[in-house]
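> My questions are about this predicted structure, shown below with the sequence.
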Amino acid sequence: MKHIFSKKNRALLSELVRTDFKIRYQGSILGYAWSLLKPLLLFVILYIVFVKFLKLGSGIPNYPIYLLLGIVMWSFFAEMTGLGMGSIVGRGDLIRKIRIPRWIIVLSSSITALINLFLNLLIVFVFLLINSVDITISILLLPFALFQLYLFSLGVSLILATAFVKYRDVTHIWDVVLQALFYLTPILYPLSIITRTSFQKILLISPIASTIQNARYATVTKETMTIGQVFSNQWVNMIPILITVITLTIGILYFKKESKDFAENL
Amino acid sequence: METDAIVVQDVSKSFKLPHEKQGSVKSTFINIFKSKKGYEKQVVLRNVSFKVKSGEFFGIVGRNGSGKSTLLKLLAGIYSPNEGALQVNGRLTPFIELGVGFNPELTGKENVFLNGALLGFDRKQMEKMYDSIVSFAELERFMDQKLKNYSSGMQVRLAFSIAIRAESDILLIDEVLAVGDAAFQRKCFDYFMKIKKDKHTLVLVTHDMGAVRRYCDRAIMIDKGRIVSSGSPEKVAQAYQRLFSSESEASSTETNTTAKRWGNKKMIATKTKALISEESIAVTVKYEAMQDIGSPILGFQILGPSGDNIVEGNTMREKIITKPMKKGQKAEITWRIPNIMGSGKYEVSVASCDESTTEFYDWYNGAASFIINKDNETAAVVDPKIQISYHKI
């Protein structure tokens, strides 16, 4: 285990991430700026539809930023799992011809997504400053929320990447699951819009929903429903964390078991 | 230095081959319900065992689909064996092909760094090596161009210049010699000689018996997943050539020019000797008539390191009339040519046939072989004395 972050592996990881980024914006005029522009444009659309037309979230201060943070975190989850799923199959040329640790490939795709997340969070912070939102000590909770979301996404990525090698339907199934998760997560709508608390509880058990709500609580406004508020019992807080740990463990074990046969199954 | 670099013990490898493309969840479910396996097992390697000594150049030969590339991938750690064990002592090159991971959308320079990382170098180390890699590849002007605009020769040169930087004790190489022009092959040769001098181990998978004879100390031949021949490169190379001749023998039994030895044995070559001096090469062949025959035509042929026919001659062409022979009579012939051969291993074929060349008595490929070792090394097959006149005009 001590060799996981050896100098060699780090060098390889950074080179793979560099390549990902270079290839992604290959031949585009705006290049890296797209990383910032895309969430910004999406935000404009959602703002017009959900804040101006549908008048959602009127009870929540700074709802547009609240919305943006949710979208940014969701995009991160969707991008990381999407990139992660295709990473092993996409790098089949390497896997069939060279002996490198296979997990580095999944990890490099996750870091690409992570870099995009931080660029997008920059935009969130710019809006926070423009709207002079009070940044309180609770912002220190944000890294924890993001870290938990990263670990959960990594677990899901490992499972998807491994399954995708053998079953190419995974990509279509995952498309549907992502759509469902998107609507089942309080991203566009405030959780308070759901009147039955039992439904609120069910939605918040998902690590995606709970980390998004926690991040919003930490940075934008206290007027959001975190899992600790919806459930009276503080221990319930642990359920999303438990789900994260279990997902990551399953992901690592499944990936480890199958990865030695990647070269022949690809 | 008599340690083993690679020990392969009873290694078996099989692949699951799906009956039809199985890569979907639906078909897996269907197959579960039918309780039928959707694949068949194809055994690629069966109980393969061999050792490669440290510092040795080791050849693996075999037909297409014999399992030799699978074996190399097992050695490289890309595949894992179903049974048996592989032990590798020393650092191994992680790649088996040149230019793995090259991305056509990146520039030459970016690819150098990416490829370097795959070999385990970080950016700092690569920056130090960068200039010498580029100059070795002779691509200074092209490094900021995208790789997709390179010719294939340029790509190979770049890949090779990076690959030889790999700090490893054991190299695994799959058919690199097949690519590249003469100048590139020359560089390969120089590189091989250098790593041989540095006591590195090399495992070479190839179809090129010339390369096996030239570079390898020992070799094995794999056929249908088993080692069918092992030992000296000469022995294995001949076994390899027989592999193809025994195949074609089934279809045509009469004149088979690739078989090692064939003919109706009315007269046979009993002894063939090649005597090498600095000035000349003399091939002496002793013949014995097994039946009464008319005047035979005798011939010889010398094959170069890569199996090309370099010199040949026969008594008919040289207008030498031989005498009819009775059963049991013996004859001796000596062919003498100036020693203009370059360094390498040569094979002698000798033959005898009747006057009208319709009946072959004895054609013997590889009746003798000899090695030329000259100091003034050249990659050319012939190395005659060159007279030069040079003056300004």
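On my side now, so go ahead. Residues are numbered from 1 along each chain as shown, chains lettered A, B, ... in the order given.
> What parts of the stretch 101-250 of chain A come near chain B?
Near chain B, the residues belonging to the stretch 101-250 of chain A are A:166-170, A:173 when assessed by C-beta under 8 Å from any C-beta of the partner chain. Where C-beta positions appear, they are placed from N, C-alpha and C, glycine not excepted.
> and the residues you listed, which are buried?
A:166-167, A:170 (16 or more other C-beta atoms under 10 Å in any protein chain shown).
> where are the low-confidence patches of the stretch 151-300 of chain B?
Low-confidence segments of the stretch 151-300 of chain B, defined by pLDDT under 70: B:176-181, B:245-259.
> which residues of it fall in strands?
Applying DSSP state E, counting those that start in this stretch to the stretch 151-300 of chain B gives strands spanning B:170-174, B:201-205, B:218-223, B:226-231, B:261-262, B:267-276, B:280-289, B:297-303.
> What strands line up against the shortest one, and which way round?
When pairing is defined by DSSP bridges, strand B:261-262 lines up against strand B:360-372 (antiparallel).
> Residue A:179 belongs to a strand?
No. Secondary structure of residue A:179 (DSSP: H, G, I helix; E, B strand; the rest coil): helix, not part of a strand.
> where's it relative to residue A:172, distance?
11 Å (C-beta to C-beta, to the nearest Å).
> Then residue B:295?
81 Å.
> what's the answer for residue A:33, then?
Distance, residue A:33 to residue A:172, using C-beta to C-beta: 32 Å.
> again, but for residue B:383
To residue A:172, residue B:383 is 65 Å away according to C-beta to C-beta.
> thinking again about what came up before, more crowded one of residue B:295 and residue A:172?
The neighbour count for residue B:295 versus residue A:172, taken as other C-beta atoms under 10 Å in any protein chain shown, is higher for residue B:295 (14 against 11).
> Does that one touch residue B:320 like I think?
No. In this structure residue B:295 lies outside contact range of residue B:320 using C-beta atoms under 8 Å: 9.9 Å.
> wait, what's in contact with residue A:34?
Counting by C-beta atoms under 8 Å, 6 or more residues apart in numbering or on different chains, residue A:34 touches A:25, A:28.
> Next, the buried residues of the helix or strand hosting it.
Assessed by DSSP states H and E, residue A:34 sits inside helix A:33-46. Judged by neighbour count using 16+ other C-beta under 10 Å, the buried positions of helix A:33-46 are A:35-36, A:39, A:43, A:46.
> Do you know the pLDDT at residue A:160?
Turning to residue A:160, the model gives it a pLDDT of 97.
> now the helices for the chain?
Going with chain A. In chain A, the segments counted as helices under DSSP state H are A:7-24, A:33-46, A:63-90, A:92-97, A:103-130, A:142-166, A:170-183, A:197-204, A:207-219, A:227-230, A:238-259, A:262-265.
> Wait, chain B was what I had in mind.
According to DSSP H, chain B carries its helices in the segments B:25-33, B:68-76, B:108-118, B:123-137, B:152-163, B:182-197, B:209-215, B:233-249.
> And the fourth one, what does it pack against?
Secondary-structure packing of helix B:123-137 (3 or more C-beta pairs under 8 Å, 6 or more residues apart in numbering or on different chains; DSSP states H and E): helix A:7-24, helix B:108-118, helix B:152-163.
> got it, and the last one?
Helix B:233-249 makes packing contacts with strand B:57-62, helix B:209-215, strand B:218-223, strand B:226-231, strand B:360-372 when contacts are defined by 3+ C-beta pairs under 8 Å, 6+ apart.
> Residue B:185 contacts residue B:380, correct?
No. In this structure, residue B:185 is not within contact of residue B:380 by C-beta under 8 Å, at 11.8 Å.
> Which one of those two is surrounded by more residues?
With neighbours defined as other C-beta under 10 Å, residue B:185 and residue B:380 compare such that residue B:185 has more, 16 against 12.
> Low-confidence stretches in the stretch 101-250 of chain A?
Those would be none, if you go by pLDDT under 70 across the stretch 101-250 of chain A.
> one more time with 80
Low-confidence regions of the stretch 101-250 of chain A, defined by pLDDT under 80, span residues A:223-225, A:227-237.
> Contacts only, for residue 204.
No chain in the question, so chain A it is. With C-beta under 8 Å, 6+ apart, residue A:204 has these contacts: A:191, A:210, A:213, A:225-227, A:230-231, A:240.
> Not quite, go with chain B.
B:57-60, B:173, B:211-212, B:215-216.
> from the chain's centre, how far out does the helix holding residue A:34 sit?
Relative to its chain's centre, helix A:33-46 lies at 16 Å (C-alpha atoms, centre = their mean, to the nearest Å).
> go on, stretch A:69-83?
The answer for stretch A:69-83 is 4 Å, by C-alpha atoms, centre = their mean.
> Check stretch B:307-314 too.
20 Å.
> same thing with stretch B:344-364?
25 Å.
> list the buried ones in it?
Under the neighbour-count criterion of 16+ other C-beta under 10 Å, stretch B:344-364 has B:344-354, B:360-364 buried.
> now do stretch B:231-246
Buried, per 16+ other C-beta under 10 Å, within stretch B:231-246: B:233-234, B:236-243, B:245.
> In JSON lines: these, plus distance to residue B:106.
Shown next, in JSON lines, are the buried residues of stretch B:231-246 (distance: C-beta to C-beta, whole Å):
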{"residue": "B:233", "distance to residue B:106": "40"}
{"residue": "B:234", "distance to residue B:106": "45"}
{"residue": "B:236", "distance to residue B:106": "41"}
{"residue": "B:237", "distance to residue B:106": "41"}
{"residue": "B:238", "distance to residue B:106": "46"}
{"residue": "B:239", "distance to residue B:106": "44"}
{"residue": "B:240", "distance to residue B:106": "40"}
{"residue": "B:241", "distance to residue B:106": "43"}
{"residue": "B:242", "distance to residue B:106": "47"}
{"residue": "B:243", "distance to residue B:106": "42"}
{"residue": "B:245", "distance to residue B:106": "47"}
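> Which two among those residues are spaced furthest apart?
With C-beta to C-beta as the measure, no two of these lie farther apart than B:233 and B:245, at 18.4 Å.
> beta partners of the residue of the stretch 151-300 of chain B found nearest chain A?
Nearest residue of the stretch 151-300 of chain B to chain A (C-beta to the nearest C-beta) works out as residue B:174 at 9.2 Å. Residue B:174 has these beta-bridge partners by DSSP bridges: residue B:205.
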